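In: heads up, no residue letters with this:
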């Protein structure tokens, strides 16, 4: 069974960017998938983007990794010097 982290990886890498594609790739039930995606959205890691072209039904909403939601602060402190870095979640 796919964890929330595995779902996030699928979205980040572009392997699956819709709920239907995630359900197909992960094999999760709709309710389990919805719960895990809700956790990721609540944490600010996933956001809903645009819509895919319709193929006859309601157009699928795309999911995207929200790399601007937070920053990462890294620090290295030694007896003679200190270094610090600040990046967004995409590493920029």
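Out: On my side now, so go ahead. Keep in mind that what you see is a predicted model, and the values were worked out from it rather than measured.
In: could you point out which element follows the helix ranked longest in the chain?
Out: In the chain, assigned by DSSP state H, the helix with the most residues is helix 30-42. Next in sequence after helix 30-42, counting helices and strands by DSSP states H and E, comes strand 46-51.
In: Kindly calculate the angle that that next one makes with helix 30-42.
Out: Relative orientation of strand 46-51 versus helix 30-42 (axes from the mean of the first three to the mean of the last three Cα atoms, to 10 degrees): 100 degrees.
In: Mind giving me the packing neighbours of the longest helix of the chain?
Out: helix 4-12, helix 19-26, strand 46-51 (3 or more Cβ pairs under 8 Å, 6 or more residues apart in numbering; DSSP states H and E). Glycine gets a C-beta too; all of them are placed from N, C-alpha and C.
In: Please spell out which residues along the last one are buried.
Out: Within strand 46-51, the residues that qualify as buried by neighbour count (16 or more other Cβ atoms under 10 Å) are 46, 47.
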